[in-house]
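Novice: predicted model follows, preceded by the sequence.
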Amino acid sequence: MSFSALSHLECSRTGERYDADAVQGVSQAGVPLLARYDTELAGRTLTREALTTRPATLWRYHEMLPVRDPASIVSLGEGMTPLLPLPRYGARIGVPGLLMKDEGLIPTGSFKARGAAVGVSRAAELGVKGVAMPTNGNAGAAWAVYAARAGLRCLIAMPVAAPAITRTECVAAGAELWLVDGLIGDAGRLINAAVRERGGYQEVSTLKEPYRLEGKKTMGYELVEQLGWQVPDVILYPTGGGVGLIGIHKALREMQELGWIGDRLPRLVAVQATGCAPIVRAYEQGADVSEPFPDAATVAFGITVPKALGDFLVLRAVRETGGTAIAVTDEATLAEQRRLAADEGAFICPEGAACLAAARDLRDTGFIGASDRVVVLNTGTGLKYPETIPVEVPTLPVDGRIQNVR
């Protein structure tokens, strides 16, 4: 029995093969490397029936993940987050079949734990002693925590405007943290220079190593399994670096190879903010790659990525599935965040709320039909963004009198 059916790495642009058992970054073409698997080998042990007896973590799909030795797994119990019906909110926006994959209930409070779990596990298995990365907050927090779990050194650089809690998570986990007066690209340049100067670290920036994507793709496996091996009609994903959307698309293609799903794929929707929408602009212009977005700023800080390394993969996934790319305003995002919490009791991150605003808009335009089964990805808990909900309530006296309180 093979724990992993990983066969090789492949350049996402040229198809050139690379050794999967050496530490790798990007391809010679300067684009992401994609992990490829022997699906015939994987299918001998990875079956729908076999999954019914496996633990409810992302490692249940281990044949289609890159870690070769189960002893190399670094885990905090990540995976199998709930797929929640949103009947009251769905009725409000005219999408009664609305569902939410809630990644706020995963270790570290965001979907970034998936990529960190698999990326750190594989890095440690290959002999890496330290990891370094720029981040908008949550990814750095996740990689710091999993690096600590694995006994690896960790260097993180994030914009000073990143959510404060993510700084605390990095420091608590013992990571070396730099705050940068700029955006994630500025942090990236500092990390790149530090890795060259120091040595001993692998740079694990978004899509600059191949295995974060493998952790993220498990969201696709899970939601299809949770739907009884049926695909939804539409999946909306908040898109910054785009790893999650690329990963879900990759998972869907792999499940087709395994014979688990048919030819029909869900329409994938890349959701961005009007204050940072390079993918949307490229999609609307019919371009294959995006241009850097000027003066990028949005309350959905996790998707403040002016230029994504994997932008062409996002655009390919959207177009191949008949999907679209859409930008929403910060005002709409914050309004939907509060509506969902009041309607369904779910306090989600602004990135996830952007998907709700997009679903509302796409229902209005007819892209989403009334009978469509629609999945929105909430990528993190709202508890990491307390400043998005102003709390303006009265302070009551302690003498027991309650007068004129509304």
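Specialist: Now that the structure is in, tell me what you want to look at.
Novice: buried stuff in stretch 325-336?
Specialist: Neighbour-count burial for stretch 325-336, with 16 or more other CB atoms under 10 Å as criterion, is recorded at 325-330, 332-334, 336. Bear in mind the C-beta positions are built from the backbone N, C-alpha and C, glycine included.
Novice: ends of that stretch, how far apart?
Specialist: With CA to CA, to the nearest Å as the measure, stretch 325-336 spans 19 Å from end to end.
Novice: look at residue 269 and give its secondary structure.
Specialist: Secondary structure state of residue 269, per DSSP: H, G, I helix; E, B strand; the rest coil, is strand.
Novice: swap in residue 20?
Specialist: Secondary structure for residue 20, judged by three-state DSSP, is coil.
Novice: what is the neighbour count of residue 133?
Specialist: Residue 133 has 31 neighbours, counted by other CB atoms under 10 Å.
Novice: what helix or strand does residue 40 sit in?
Specialist: helix 39-42 (DSSP states H and E).
Novice: my error: substitute residue 232 in the last question.
Specialist: Under DSSP H and E, no helix or strand contains residue 232.
Novice: I figured it hits residue 373, correct?
Specialist: Yes - in this structure residue 232 lies within contact range of residue 373 using CB atoms under 8 Å: 4.4 Å.
Novice: now for the buried residues of stretch 325-336: which two are most distant?
Specialist: The span of these, defined through CB to CB, is set by 325 and 334 at 21.1 Å.
Novice: tell me the mean pLDDT for stretch 377-384?
Specialist: Mean pLDDT, computed over stretch 377-384, is 96.
Novice: still on that earlier bit, what sits in contact with each of residue 232 and residue 373?
Specialist: Contact criterion CB atoms under 8 Å, 6 or more residues apart in numbering; residues shared by residue 232 and residue 373: residue 99.
Novice: check which helix or strand covers the nearest residue to residue 269 once chain neighbours are set aside.
Specialist: Spatial nearest neighbour of residue 269, excluding adjacent residues (CB to CB, 6 or more residues apart in numbering): residue 236 at 4.4 Å. For residue 236, the element it lies in under DSSP H and E is strand 234-238.
Novice: can I get the CA coordinates of the helix or strand just after that strand in CSV?
Specialist: Remark: after strand 234-238, the chain's next helix or strand is helix 243-257, criterion DSSP H and E. Extracted C-alpha coordinates of helix 243-257, given in CSV (Å, rounded to 0.1, in the frame of the first residue of the first chain):
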residue,chain,number,x,y,z
VAL,A,243,-4.5,29.3,-3.9
GLY,A,244,-7.8,28.1,-2.6
LEU,A,245,-9.7,28.5,-5.9
ILE,A,246,-6.8,26.9,-7.9
GLY,A,247,-6.8,24.1,-5.3
ILE,A,248,-10.5,23.4,-5.5
HIS,A,249,-10.3,23.3,-9.3
LYS,A,250,-7.3,20.9,-9.0
ALA,A,251,-9.3,18.7,-6.6
LEU,A,252,-12.3,18.6,-9.0
ARG,A,253,-10.0,17.5,-11.9
GLU,A,254,-8.4,14.8,-9.7
MET,A,255,-11.8,13.5,-8.6
GLN,A,256,-12.8,13.2,-12.2
GLU,A,257,-9.6,11.1,-12.8
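Novice: residues contacting the residue nearest in space to the middle of the chain?
Specialist: Centroid check for the chain by CA atoms, centre = their mean gives residue 244 as the closest residue, at 3.9 Å. When contacts are counted by CB under 8 Å, 6+ apart, residue 244 touches 111, 216, 219, 237-238, 377, 379.
Novice: now the residues you listed as JSON lines including neighbour count, secondary structure and distance to residue 136?
Specialist: Output for those, formatted as JSON lines (neighbours: other CB atoms under 10 Å; DSSP: H, G, I helix; E, B strand; the rest coil; distance: CB to CB, whole Å):
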{"residue": "111", "neighbour count": "35", "secondary structure": "coil", "distance to residue 136": "13"}
{"residue": "216", "neighbour count": "26", "secondary structure": "helix", "distance to residue 136": "15"}
{"residue": "219", "neighbour count": "27", "secondary structure": "helix", "distance to residue 136": "19"}
{"residue": "237", "neighbour count": "33", "secondary structure": "strand", "distance to residue 136": "16"}
{"residue": "238", "neighbour count": "31", "secondary structure": "strand", "distance to residue 136": "12"}
{"residue": "377", "neighbour count": "24", "secondary structure": "strand", "distance to residue 136": "16"}
{"residue": "379", "neighbour count": "30", "secondary structure": "coil", "distance to residue 136": "11"}
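Novice: that older thread, need the buried residues of stretch 325-336 in CSV with distance to residue 104, secondary structure and pLDDT, can you?
Specialist: Formatted as CSV, those follow (distance: CB to CB, whole Å; DSSP: H, G, I helix; E, B strand; the rest coil; pLDDT from 0 to 100):
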residue, distance to residue 104, secondary structure, pLDDT
325, 24, strand, 98
326, 22, strand, 98
327, 23, strand, 98
328, 19, strand, 98
329, 23, coil, 98
330, 20, helix, 98
332, 20, helix, 98
333, 16, helix, 98
334, 17, helix, 98
336, 15, helix, 98
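Novice: relative to residue 383, which of the residues you listed is nearest.
Specialist: Relative to residue 383, the closest of those is residue 334; by CB to CB it sits at 15.8 Å.
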